[in-house]
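Asker: please find the sequence and the predicted model below.
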Amino acid sequence: GCESLEALFLPSTVTWIGRATFSFCQSLRLLILPDDIDLDNVDEIIGETAIYHIAENAGVAYEEDDEGYVTDESSRLVNEWLIHHMDNAPFHKLCYNSSITTKHINDYLNEYGNDSARAIDRIH
């Protein structure tokens, strides 16, 4: 896995995420999926990550069937949690403004387009 990856924002252009894409990225603590992603196109993606342990602590977990495969229903529940768990979380450490949330960021990108973030970043 990608041991050093800690955070990732996926743009709205992402429409499909394959099974175990981020599994074993043990340091992954923050993964923001596009609000409008079709969950039928997202499989079990965060097993054995820090964020999965956060999900488990929140009462959301993958469940296996009798053959040891993750059930579609539990995968969908984990992914729904993943989409919404940070909706109201402050991003003051990233934005230096405690009122900024992932919802604000998503709304901004939806309104002005994904490339708009580059236009206001004077450093990179």
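Answerer: Nice, thanks for sending it over.
Asker: give me the distance between stretch 69-84 and the centre of its chain.
Answerer: Mean-position distance between stretch 69-84 and its chain equals 12 Å (CA atoms, centre = their mean, to the nearest Å).
Asker: how many other residues sit next to the nearest residue to residue 14 once chain neighbours are set aside?
Answerer: Among residues not flanking residue 14 along the chain, residue 34 sits closest, at 5.9 Å (CB to CB, 6 or more residues apart in numbering). No exception for glycine: its C-beta is placed from N, CA and C like everyone else's. Look at residue 34: counted by other CB atoms under 10 Å, it has 18 neighbours.
Asker: my read: residue 34 touches residue 16, true?
Answerer: No. Counting by CB atoms under 8 Å, residue 34 does not reach residue 16; the two are 11.2 Å apart.
Asker: pLDDT weak spots in this structure?
Answerer: 1, 87-102, 114-124 (pLDDT under 70).
Asker: which residues of it fall in strands?
Answerer: Assigned by DSSP state E, the strands in the chain fall at 7-9, 30-32.
Asker: please identify the most buried of those.
Answerer: Most buried of the strands of the chain by mean neighbour count (mean count of other CB atoms under 10 Å) is strand 30-32; its value is a mean of 21.
Asker: helices or strands next to it in the packing?
Answerer: Applying 3 or more CB pairs under 8 Å, 6 or more residues apart in numbering; DSSP states H and E, we find strand 30-32 packed against strand 7-9.
Asker: can you list the strands that the strand it packs on pairs with?
Answerer: Using DSSP bridges, the strands paired with strand 7-9 are strand 30-32 (parallel).
Asker: that older thread, mind putting the strands of the chain into JSON lines with distance to residue 107?
Answerer: Listed next are the strands of the chain as JSON lines, based on distance: least, CB to CB, whole Å:
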{"stretch": "strand 7-9", "distance to residue 107": "14"}
{"stretch": "strand 30-32", "distance to residue 107": "13"}
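Asker: who's in contact with residue 83?
Answerer: By CB atoms under 8 Å, 6 or more residues apart in numbering, the residues touching residue 83 are 33, 35, 37, 39.
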